[in-house]
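Trainee: just a sequence and a predicted model for now, questions to come.
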Amino acid sequence: MTIAELGTPLPKTDLIDRLAQHKTVGSAPRHELEWLAQHGDLRRFSADDVVVVKQVPVVEMIIMLTGTLAHYVDRGTGRRKVMEWHGGDVTGLLPYSRLNIAPGESVIEEDSDGLVFHKDCFLELTRECPIVTANLVHAMLDRARQYIAAIPPAISGQHGDVHTFRVCCRVVRGFALADDEALDALRDWNSRCEPPWSDRELIDKLSRARRYGREPIGCLLEERP
């Protein structure tokens, strides 16, 4: 069952005005919001609805309008909450994201309204809604930056090379970022390294991390710092 088949369908009365107040997509021009309203499935979800199932491909994006959605994972020490989204957030599979298999399950915490899009419409979305798309990409990069900000810098003489490789694995595999996006996300962290790596060195490490790292692609897209 897809997310769009869960919950109760809602009328789209005043949906464009609701989207205009949305924290993530509300800055887009009205014609882009009209496209979202026309092509998305507006649903009301009930508490305890499971909208993403562990080890099942993620194929939909949810623009959260109201309520709370949480993601839970179990890495062998028990089930724990790693992320929450509220009205104003966007979750699930985003355009240009390499997320594939869900690392855990996403559960509705309280009754929620969400506008749902299947990945099959992403090509048209990116063409018709460039500002919305840019906002979604920025949100994905901000998620990676927040995670990396909590990681200590690499220090020469203290296994800095190995540490940097692991950080690069987090970025290009865990967050599934392209090299240019990964470099952008690493800027602040790299400035704290002693000494900082050059762009050329980081690109080489990102390439090696993508090739030799073992983390599942997209495994951190639902993670918080």
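Mentor: All right, it came through fine.
Trainee: CA atoms for contacts and neighbours, from now on please.
Mentor: Fine.
Trainee: residues of the helix or strand hosting Asp184 that come out buried?
Mentor: When elements are assigned from DSSP states H and E, Asp184 belongs to helix 179-191. Under the neighbour-count criterion of 16 or more other C-alpha atoms under 10 Å, helix 179-191 has Asp179, Glu181, Ala182, Leu183, Ala185, Leu186, Trp189, Asn190 buried.
Trainee: quick one, helices of this protein?
Mentor: 15-20, 30-39, 122-128, 130-149, 160-169, 179-191, 199-212 (DSSP state H).
Trainee: out of those, which is closest to Tyr72?
Mentor: Tyr72 lies closest to helix 130-149 among the helices of the chain, at 17.0 Å (C-alpha to C-alpha).
Trainee: packing partners of that closest one?
Mentor: helix 122-128, helix 179-191 (3 or more C-alpha pairs under 8 Å, 6 or more residues apart in numbering; DSSP states H and E).
Trainee: tally of neighbours for the nearest residue to His22 once chain neighbours are set aside?
Mentor: Nearest in space to His22, with sequence neighbours left out and distances taken as C-alpha to C-alpha, 6 or more residues apart in numbering, is Gly88 at 4.9 Å. Burial of Gly88 is recorded as 19 neighbouring residues (other C-alpha atoms under 10 Å).
Trainee: so Gly88 touches Gly67, yeah?
Mentor: No - applying C-alpha atoms under 8 Å, one finds Gly88 not in contact with Gly67, separated by 9.6 Å.
Trainee: residues making contact with stretch 198-218?
Mentor: For stretch 198-218, the surrounding residues in contact (C-alpha atoms under 8 Å, 6 or more residues apart in numbering) are 98-101, 164-166, 168-170, 172-176, 179, 182-183.
Trainee: okay, that stretch in CSV with CA atoms only?
Mentor: Extracted in CSV, the C-alpha atoms of stretch 198-218 (Å, rounded to 0.1, in the frame of the first residue of the first chain):
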residue,chain,number,x,y,z
SER,A,198,42.1,21.2,-0.1
ASP,A,199,39.1,20.8,-2.4
ARG,A,200,41.1,18.4,-4.6
GLU,A,201,41.9,16.2,-1.5
LEU,A,202,38.3,16.2,-0.4
ILE,A,203,37.1,15.3,-3.9
ASP,A,204,39.5,12.3,-3.9
LYS,A,205,38.3,11.2,-0.5
LEU,A,206,34.6,11.6,-1.5
SER,A,207,35.3,9.4,-4.6
ARG,A,208,37.0,6.8,-2.5
ALA,A,209,34.2,6.9,0.1
ARG,A,210,31.6,6.4,-2.6
ARG,A,211,33.5,3.5,-4.1
TYR,A,212,34.7,1.7,-1.0
GLY,A,213,32.4,2.8,1.8
ARG,A,214,30.0,0.2,3.3
GLU,A,215,27.1,2.4,4.5
PRO,A,216,23.8,1.8,2.7
ILE,A,217,23.0,4.6,0.3
GLY,A,218,20.6,7.0,2.0
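Trainee: done for today, thanks.
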